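K.L.:
Got a sequence here, can you model it:
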Amino acid sequence: MRWKAVKPHYWGIGFIWMWVYATYSTSAVYGARLGSGINADSSWLASSIAVVVTLFLMGLAWRKRNGRKASRALLAISGISSAAGTALSVVTVQGSKVLVLSAIAGSLSGVGTGMLLVLWLAFYCRIPIAEAERFICLSGALPLLGTLVFPYLSGVVGVVAAASLPLLSALCLFVAESGATGGSSPERAPQRTGGMGVQLGSFLRMMFVVAVFYFVGGCIEAMRDSSGAMFDVLGFDVVSFIGAGFGIALVVAFSRFSMSITFRELFRWLIPLIVLSLALFPWIELVPMFLHAAILNVADTAMQALSLMCFVWLVRKRVLNVYFAAGLCQGVIQLGVLMGNIAGLLVFPLVLDGSLSVFVLVLSLICLVVASQSLLPEFESILDSGMLPAVVSVAEDGTGGGAAETGRAAAEDPIDVRCRELAGAYGLSARELEVLGYLARGRSQPYIRDKLVLSRNTVATHVKHVYTKLGVHSKQELIDLVDARVG
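P.N.:
Residues are numbered from 1 along each chain as shown. Reported below is the predicted structural model:
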């Protein structure tokens, strides 16, 4: 793969994911950590609350920003805030002043990482969708590398290494913003039909289901034995390594083989994993504990990346404003984790003293996850199914990209007229007619995918159906068929 196609500076969100792992799952920063759970140091609560508040406030404050690039000052504030909060969190001596410093440290790191998450999401919505998917997948490799490094760091080296991660993320975003050529920006995409109230209501229902997923994961994480038994046996963080590795593989498989990049499709892949992980949780033997933790890590890693992909698709389909949706989406995710952690801490003593059966708890969580799926709205499927107004023109607009035009423009374009005739004669669907319009102009499948915001497999299927119905075997034969009548 060519270096320009790899674009490592586009992977910068992976440094945030690596920072979360280094700060909350290793002793690289917090040397007195008593385990690997997120609740193991005194700044976790302040950090969690700060990131939730920051995400929601950014979404509300920037709801009319329309995807503009982040300023240098904002990137600098985000990176420096996170780095400063990380450095302050090394304080381990107990006392009222130290508790105040811990709260400040958590707030700084939470605000900084929250801002960076929103800015990275907005950036991925501005580049071609195929690139966004590829770089989100590649970003998952960074936490995988972190599992091989940060468990062995401590002291000043560990703090400096962890504090540098948000700075690297901000630097990568600055370089990426400076050199990005962009694809179809969200604000130029065709506006879908339907009221904003319906779209917002459906989006909130989706976010509730996502929050339930993270609530269950956070609850189990807070109750899980974090003594590092597997680390002691094997000498490295095998659970996180396997979780990151197989999670990346699952992300790649989903992006390549899924027929649609939607939250409904995402949960079809992840629900079996979370249910299996929950079913293994009550068993205290080493192997079931290992399998439970590894499967939960796989689901969490995959959800982390795939939820970003689904979000990018929704914004590109003009469901909601990019910054508003980014703040709301990430805020709900972090709120789910926070509420899950708190619930886990409250329930765990009841499990230990026998007041609450662990099997009843697990069954309740499984029922909660499964029942939440009924709340997923259908509007994602409608947006992706081709149930659109009658045939549109794909004549080139002033920006150089394919755009849906009015019926008058379509009537004036001979290629569109011929495509309509072919669609009527050979029984093409509305979506197949859209694809035909792009193919007749020599457009590639990646180009069509970016303009119509469809998955790789969906575009390939539509192209195959168009070829089959028209009786052609290549794009050139199709162009010749259209040109024969246009001429």
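
K.L.:
hey, let's count contacts and neighbours off CA atoms from now on
P.N.:
Noted.

K.L.:
domain assignment for this structure?
P.N.:
Structural domains annotated on the chain: 3-384, 407-486, as defined by automatic domain parsing.

K.L.:
need those domains in a markdown table with mean pLDDT and mean neighbour count, can you?
P.N.:
Converted to a markdown table, the domains of the chain look like this (pLDDT from 0 to 100; neighbours: other Cα atoms under 10 Å):
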| stretch | mean pLDDT | mean neighbour count |
| --- | --- | --- |
| domain 3-384 | 80 | 20 |
| domain 407-486 | 81 | 18 |
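
K.L.:
So which elements touch the host helix or strand of Ala84?
P.N.:
Using DSSP states H and E, Ala84 sits within helix 72-88. Using 3 or more Cα pairs under 8 Å, 6 or more residues apart in numbering; DSSP states H and E, the elements in contact with helix 72-88 are helix 96-124, helix 155-179.

K.L.:
ok, which stretches of the chain are strands?
P.N.:
Under the criterion DSSP state E, strands are not mapped anywhere in the chain.

K.L.:
Adding distance to Ser81, write the helices and strands packed on helix 72-88 out as TSV.
P.N.:
As requested, these are exported to TSV (distance: least, Cα to Cα, whole Å):
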stretch	distance to Ser81
helix 96-124	5
helix 155-179	9
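
K.L.:
Which one of these lies nearest to Val332?
P.N.:
Distances from Val332 to each of the helices and strands packed on helix 72-88 were compared using Cα to Cα; the minimum, 11.9 Å, belongs to helix 96-124.

K.L.:
Taking helix 72-88 as reference, get the angle to the closest one.
P.N.:
Here helix 96-124 points in a direction 140 degrees away from that of helix 72-88 (axes from the mean of the first three to the mean of the last three Cα atoms, to 10 degrees).

K.L.:
Are there helices or strands packed against helix 96-124, and which ones?
P.N.:
Of the remaining helices and strands, those touching helix 96-124 by 3+ Cα pairs under 8 Å, 6+ apart are helix 13-24, helix 44-61, helix 72-88, helix 155-179, helix 286-316, helix 322-352.

K.L.:
Let's have the ones you listed in TSV, adding distance to Ile366.
P.N.:
Putting the helices and strands packed on helix 96-124 into TSV (distance: least, Cα to Cα, whole Å) gives the following:
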stretch	distance to Ile366
helix 13-24	26
helix 44-61	25
helix 72-88	35
helix 155-179	35
helix 286-316	13
helix 322-352	14
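
K.L.:
Out of those helices, flag the one nearest Leu204.
P.N.:
When the helices and strands packed on helix 96-124 are ranked by distance to Leu204, counting by Cα to Cα, first place goes to helix 322-352 at 8.7 Å.

K.L.:
tilt between that closest one and helix 96-124?
P.N.:
Taking the same axes, to 10 degrees, one finds helix 322-352 and helix 96-124 inclined to each other by 130 degrees.

K.L.:
just checking, what packs against helix 322-352?
P.N.:
Counting by 3+ Cα pairs under 8 Å, 6+ apart, helix 322-352 packs on helix 44-61, helix 96-124, helix 196-223, helix 286-316.

K.L.:
Take those helices and lay them out in JSON lines including distance to Lys69.
P.N.:
Written out in JSON lines, the entries for the helices and strands packed on helix 322-352 read as follows (distance: least, Cα to Cα, whole Å):
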{"stretch": "helix 44-61", "distance to Lys69": "14"}
{"stretch": "helix 96-124", "distance to Lys69": "7"}
{"stretch": "helix 196-223", "distance to Lys69": "24"}
{"stretch": "helix 286-316", "distance to Lys69": "16"}
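
K.L.:
who wins for proximity to Gly243 among these?
P.N.:
Distances from Gly243 to each of the helices and strands packed on helix 322-352 were compared using Cα to Cα; the minimum, 4.0 Å, belongs to helix 286-316.

K.L.:
Show me how far that closest one is from its chain's centre.
P.N.:
On the basis of Cα atoms, centre = their mean, to the nearest Å, helix 286-316 is displaced by 10 Å from the centre of the chain it belongs to.

K.L.:
Stretch 273-280 too?
P.N.:
Averaged C-alpha coordinates place stretch 273-280 at 22 Å from its chain's average position (Cα atoms, centre = their mean).

K.L.:
At the geometric centre of this protein, which residue do we find?
P.N.:
Centroid-nearest residue in the chain: Leu308, 1.6 Å away (criterion: Cα atoms, centre = their mean).

K.L.:
got a list of what that one touches?
P.N.:
Residues near Leu308 by Cα atoms under 8 Å, 6 or more residues apart in numbering: 121, 136.

K.L.:
Can you give me the distance of it to Glu177?
P.N.:
Going from Leu308 to Glu177 by Cα to Cα, to the nearest Å gives 18 Å.

K.L.:
same check, this time on Ala22
P.N.:
The separation that Ala22 has from Glu177, given Cα to Cα, amounts to 26 Å.

K.L.:
With Thr301 instead?
P.N.:
Look at Thr301 and Glu177: by Cα to Cα, they are 26 Å apart.

K.L.:
One more: Ile295?
P.N.:
Plainly put, Ile295 is 35 Å away from Glu177 if you go by Cα to Cα.

K.L.:
Please apply the same query to Val347.
P.N.:
When Cα to Cα is the yardstick, Val347 and Glu177 sit 45 Å from each other.

K.L.:
Ok, Lys464 next?
P.N.:
As for Lys464, its distance to Glu177 is 36 Å (criterion: Cα to Cα).

K.L.:
Now do the same contact list for the closest residue to Val459 other than its chain neighbours.
P.N.:
Ranked by Cα to Cα, 6 or more residues apart in numbering and with sequence neighbours excluded, the top spatial neighbour of Val459 is Arg449, at 6.2 Å. Arg449 is in contact with 129-130, 455-456, 459, counting by Cα under 8 Å, 6+ apart.

K.L.:
Gly243 against Ala294, yeah?
P.N.:
Yes - distance between Gly243 and Ala294: 5.4 Å, which falls inside the contact criterion (Cα atoms under 8 Å).

K.L.:
phi, psi of Trp62?
P.N.:
Trp62 adopts backbone torsions of phi -110, psi 20, taken as degrees, to the nearest 10.

K.L.:
Roughly how far does Ser81 sit from Leu335?
P.N.:
21 Å.

K.L.:
same check, this time on Leu276
P.N.:
Separation of Leu276 from Leu335 (Cα to Cα) stands at 24 Å.

K.L.:
hmm, back to that, just flag the most distant two among the contacts of Arg449.
P.N.:
Using Cα to Cα, the two most remote members of these are Ile129 and Val459, lying 13.1 Å apart.
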